[in-house]
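Chemist: got a predicted structure here, sequence first:
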Amino acid sequence: MPARRDADPEATVAAVQAVAPWLTDDSATAPDRAAIATAVRLTARTLAAVAPGASVEVRVPPFVAVQCISGPRHTRGTPPNVVETDPRTWLRLATGLLDVEEAAGRGVLRLSGSRAGEVGSWLPLVTIGP
């Protein structure tokens, strides 16, 4: 069985495709909680795999928190570099439908610490096809 941090690329794409209408259409009904949770967890774990490290913590409550991006490791207390957002915003960032600067400007993405914005250079993780 793969480690918990690993995300199968095919499963990740399938999970994102399952929630794609909700990401691309503001009037679409939200998918069930389990589908959202799966897409969020797999994309966050994909980020941790492609940007290994522990200098930035990405939080998408209530589903996942991962550490990523090489640099000084954080082990206790509040991390110095935190990225936090809601599930829909995270998935829109992970698919390239929204960028970090725009999300932060709208107030739907919180960046804390001098390195938090670096997460944008690792996005998008998955693209949504036509």
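Modeler: That came through fine. Residues are numbered from 1 along each chain as shown.
Chemist: who's in contact with Pro9?
Modeler: Thr46 (Cβ atoms under 8 Å, 6 or more residues apart in numbering). Every C-beta, even on glycine, is put in place using the N, C-alpha and C of the backbone.
Chemist: pLDDT score for it?
Modeler: Note for Pro9: predicted pLDDT of 92.
Chemist: just Ala3 next, same as before
Modeler: 42.
Chemist: what does Thr75 give?
Modeler: With respect to pLDDT, Thr75 has a value of 64.
Chemist: buried residues of the longest helix along the chain, list them for me.
Modeler: What stands out as the longest helix in the chain, according to DSSP state H, is helix 33-50. Residues 36-49 are the ones in helix 33-50 that count as buried (16 or more other Cβ atoms under 10 Å).
Chemist: CA atoms of it as CSV?
Modeler: What follows is helix 33-50, C-alpha atoms only, in CSV (Å, rounded to 0.1, in the frame of the first residue of the first chain):
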residue,chain,number,x,y,z
ARG,A,33,-18.4,16.0,0.8
ALA,A,34,-16.5,12.8,0.1
ALA,A,35,-15.8,13.7,-3.5
ILE,A,36,-14.5,17.2,-2.4
ALA,A,37,-12.4,15.6,0.3
THR,A,38,-10.8,13.1,-2.0
ALA,A,39,-9.9,15.8,-4.6
VAL,A,40,-8.5,18.1,-2.0
ARG,A,41,-6.4,15.4,-0.3
LEU,A,42,-5.0,14.0,-3.5
THR,A,43,-4.1,17.4,-4.9
ALA,A,44,-2.5,18.5,-1.7
ARG,A,45,-0.5,15.3,-1.5
THR,A,46,0.5,15.8,-5.1
LEU,A,47,1.9,19.2,-4.2
ALA,A,48,3.8,17.7,-1.3
ALA,A,49,5.3,15.1,-3.7
VAL,A,50,6.3,17.5,-6.5
